[in-house]
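Enquirer: The following block contains a protein sequence and its predicted model.
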Amino acid sequence: MKIENVKFGSYEDRDVIKYTLTNDNGVSISVLNFAGIWQAYMVPNNEGGQVNLLLGADNIEAYVNPNNAPLYVGRIVSRFGGRIAKGQFDIDGNSYQIPANEGDNSLHGGANGLSQQFYDVTTSQDQEKLQVILTTTIGTAVDQLPGNETVKITYTLDNDNGVTIDFDGQTDAKTLFNPTTHAYWNLSGEAKTIQGHVLTLNSTYHLELDDEKIPTGRKLLNKNTPFDFSHPTVMGTALQEMQEQHVPEGGFDDIFVVLPSNRLAHEPVATLMDAASGRKIKMYSDRNGLVVYTANGQHADGFNRPAGQWFAMAMEGQTLPDTPHHPQFGDISLRPGYPQHYQIHYDYFA
């Protein structure tokens, strides 16, 4: 096992550093100190080479290009993932207003959230695992949210080729904490899209959304709809069904209600397989929401897949979004003296 770091470029007059963790099986992950970007998840292929399971780029310019930045490729998203309607929320009877950065709403931590920040980085390893640990504190002057929130993101690669992302948050004033990773998956080394991927979700419902992608509060049954992934479903088939129903996005940008993996059965919230290669990821999350986004209509250049829609798909594990307006979805409040911890884990199979 080994840990390496190299300069990946520069951004805003600061060095972007790539940290690469490699286990005893030759599997590696790479993480950047900017935005906590998960740049690579490299696994061996049958030809003696390697395949990156993630949508990624070999330079920082592709990530920060204004055309590509709205995709949040590989970034840690926080203080909150998803949308907050009208940028307004209450905690314990106190009302807060934060700036909108998507129409009238606040998305993914706002315009200057943790997806736009540099982190301090340390590394660690023992006989079973390697870690890269990212920490930062973000305050109101930076992202306009209340409180100084200290966040620690820990990426762990183990010798079973699994990856764990731990999210820890604490604050000196009441605020929000609903972090996620915006990694995009394409398990194929050859295919230009994820249409040949097969998806299974531990989900019975998805959320009804309005025209601004804000939850209405209603949960809709998946059964007998294109949202039914209770059994292994070819993505190309599901995407075709979405188009036949004239969904404006031409694909998925939707929120599934999932059964958290920390229940007794410890089942994955999602299983994604590339049918051609047999590569498979099982995703575990301790929260009740999963956003599936199939990069509809996107033409982002500079990444390791040809620009075009459906070239990869994001699976964002989080508490169901806009909970301040729908308390039945959960609570994403973070309070002084009560730190929060969340975890997402991926098992890889070939």
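Expert: Good, I have the coordinates.

Enquirer: Quick one: neighbours of residue 110, just the number.
Expert: 23 (other C-beta atoms under 10 Å). C-beta coordinates here come from the backbone N, C-alpha and C atoms, glycine included.

Enquirer: just the helices in the stretch 251-350 of the chain please.
Expert: When assigned using DSSP state H, counting those that start in this stretch, the stretch 251-350 of the chain turns out to have no helices.

Enquirer: pLDDT at the closest residue in space to residue 204 that isn't next to it in sequence, what is it?
Expert: Closest residue in space to residue 204, ignoring its immediate chain neighbours: residue 222 at 6.1 Å, by C-beta to C-beta, 6 or more residues apart in numbering. At residue 222, the pLDDT value in this model is 98.

Enquirer: For the residue of the chain most remote from its centre, give me the backbone phi and psi.
Expert: Residue farthest from the centre of the chain, counting by C-alpha atoms, centre = their mean, is residue 93 at 30.4 Å. Main-chain torsions, residue 93, degrees, to the nearest 10: phi 90, psi -10.

Enquirer: what does stretch 212-232 contact?
Expert: For stretch 212-232, contacts defined as C-beta atoms under 8 Å, 6 or more residues apart in numbering pick out 83, 85, 103-105, 198-201, 203-210, 238, 241-242, 245, 253-257, 271, 273, 320-322, 325-326, 328-329.

Enquirer: Please indicate which of those residues are buried?
Expert: 83, 85, 105, 198-201, 203-207, 209, 238, 242, 253-257, 271, 273, 320-322, 325-326, 329 (16 or more other C-beta atoms under 10 Å).

Enquirer: And the residue farthest from the centre of the chain, how far from residue 333?
Expert: Counting by C-beta to C-beta, to the nearest Å, the gap from residue 93 to residue 333 is 12 Å.

Enquirer: Kindly report the same for residue 21.
Expert: 33 Å.

Enquirer: now do residue 326
Expert: 14 Å.

Enquirer: same check, this time on residue 324
Expert: Applying C-beta to C-beta to residue 324 and residue 333 gives a distance of 8 Å.

Enquirer: Can you work out which residues contact both of these two?
Expert: Listed as contacting both residue 324 and residue 333 by C-beta under 8 Å, 6+ apart are 91, 176.

Enquirer: Could you list which residues are in contact with the nearest residue to residue 190 once chain neighbours are set aside?
Expert: Spatial nearest neighbour of residue 190, chain neighbours left out: residue 276 (7.4 Å); criterion: C-beta to C-beta, 6+ apart. By C-beta under 8 Å, 6+ apart, the residues touching residue 276 are 188, 190-191, 196.

Enquirer: Just the buried ones among these, please.
Expert: 188, 191, 196.

Enquirer: which residue packs closest to the last one, ignoring adjacent ones?
Expert: Of all residues beyond its chain neighbours, the one nearest residue 196 is residue 275 (5.2 Å), with distances taken as C-beta to C-beta, 6+ apart.

Enquirer: Repeat that for residue 328.
Expert: residue 217 (7.5 Å).

Enquirer: before we move on, what SS does the one you found have?
Expert: strand (DSSP: H, G, I helix; E, B strand; the rest coil).

Enquirer: what does residue 70 give?
Expert: Reduced to three states by three-state DSSP, residue 70 is helix.

Enquirer: How many residues are close by it?
Expert: Count around residue 70 with other C-beta under 10 Å applied: 12.

Enquirer: wait, what's in contact with it?
Expert: Contacts of residue 70 by C-beta under 8 Å, 6+ apart: none found.

Enquirer: which regions of the stretch 201-350 of the chain lie under the pLDDT threshold?
Expert: For the stretch 201-350 of the chain, no stretch has pLDDT under 70.

Enquirer: Just the strands from it, written as ranges.
Expert: 203-209, 215-221, 233-234, 253-258, 270-274, 280-285, 289-293, 313-318, 333-334, 340-349 (DSSP state E, counting those that start in this stretch).

Enquirer: do you know which of the ones you listed lies nearest residue 26?
Expert: Closest approach to residue 26 among the strands of the stretch 201-350 of the chain is made by strand 340-349 (12.4 Å; C-beta to C-beta).

Enquirer: Contacts for the closest one next, please.
Expert: By C-beta under 8 Å, 6+ apart, strand 340-349 touches 27, 41, 43, 53, 160-170, 177, 179-181, 261, 268, 279-287, 317, 334.

Enquirer: what's the neighbour count on the residue nearest to residue 328?
Expert: By other C-beta under 10 Å, 13 other residues sit near residue 217.

Enquirer: Report the separation between it and residue 207.
Expert: If you go by C-beta to C-beta, the gap between residue 217 and residue 207 works out to 8 Å.
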